[in-house]
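Enquirer: Can you look at this prediction? I've put the sequence above it.
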Amino acid sequence: MLLGTHTPKLDDKGRIILPAKFRDELGDGIVITRGQERCLYVFSAKEFASVHEKIRQAPVTNEEARRYLRVFLSGASDESVDRQGRVLLPQLLREYAGLSKELVIIGVGARAEIWDAATWQTYLASNEEGFASQAQEVIPGLF
């Protein structure tokens, strides 16, 4: 399970060093794609295959499903982690997420998310207040 908050920097070649805690969980190959709220989703290849299988079940006649699939899968990129734990973030995805040098990587269970640090701080500040009151509404029976 991917957990926690990490603050790597984007290097001049568009690479980041994945947190050491994430490398074992993500395995040898990863898939990076567009996420909601202008972040990037990072999946292990195995987890991405599972996600893809689930979204493949959506009927091709559903216009919303087609739109989601197009955006989600057209941005997906298979990447490798090198021996130093670095991974290239494709230019298209860096632009989509508005990434600067300062980044935040958060663990969200089965995936990681990569955020521009300033965007993450804004997002977190605007969502922390409602966090406690949403638990019962969003995930019934959690607490």
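Expert: All right, it came through fine.
Enquirer: residues near the closest residue in space to residue 93 that isn't next to it in sequence, how many?
Expert: In space, and not counting its chain neighbours, residue 93 is closest to residue 40: 5.5 Å by C-beta to C-beta, 6 or more residues apart in numbering. All C-beta spots, glycine's among them, are computed from the backbone N, C-alpha and C. Neighbour count of residue 40, defined by other C-beta atoms under 10 Å: 25.
Enquirer: Ramachandran angles for residue 40?
Expert: phi -110, psi 140 (degrees, to the nearest 10).
Enquirer: How about the one 5 residues further on?
Expert: In terms of degrees, to the nearest 10, the main-chain angles of residue 45 are phi -60, psi -40.
Enquirer: Starting from residue 25, give me the distance back to it.
Expert: For residue 45, the distance to residue 25 equals 12 Å [C-beta to C-beta, to the nearest Å].
Enquirer: Equivalent analysis for residue 69, please.
Expert: Counting by C-beta to C-beta - residue 69 and residue 25 are separated by 26 Å.
Enquirer: and what of residue 16?
Expert: 16 Å.
Enquirer: In terms of neighbours, single out the busier of these two.
Expert: residue 16 (20 against 17).
Enquirer: Which residues lie in contact with the residue nearest in space to the middle of the chain in this structure?
Expert: By C-alpha atoms, centre = their mean, the chain has its centre lying nearest to residue 41, at 1.7 Å. Counting by C-beta atoms under 8 Å, 6 or more residues apart in numbering, residue 41 makes contact with 32-35, 111-113.
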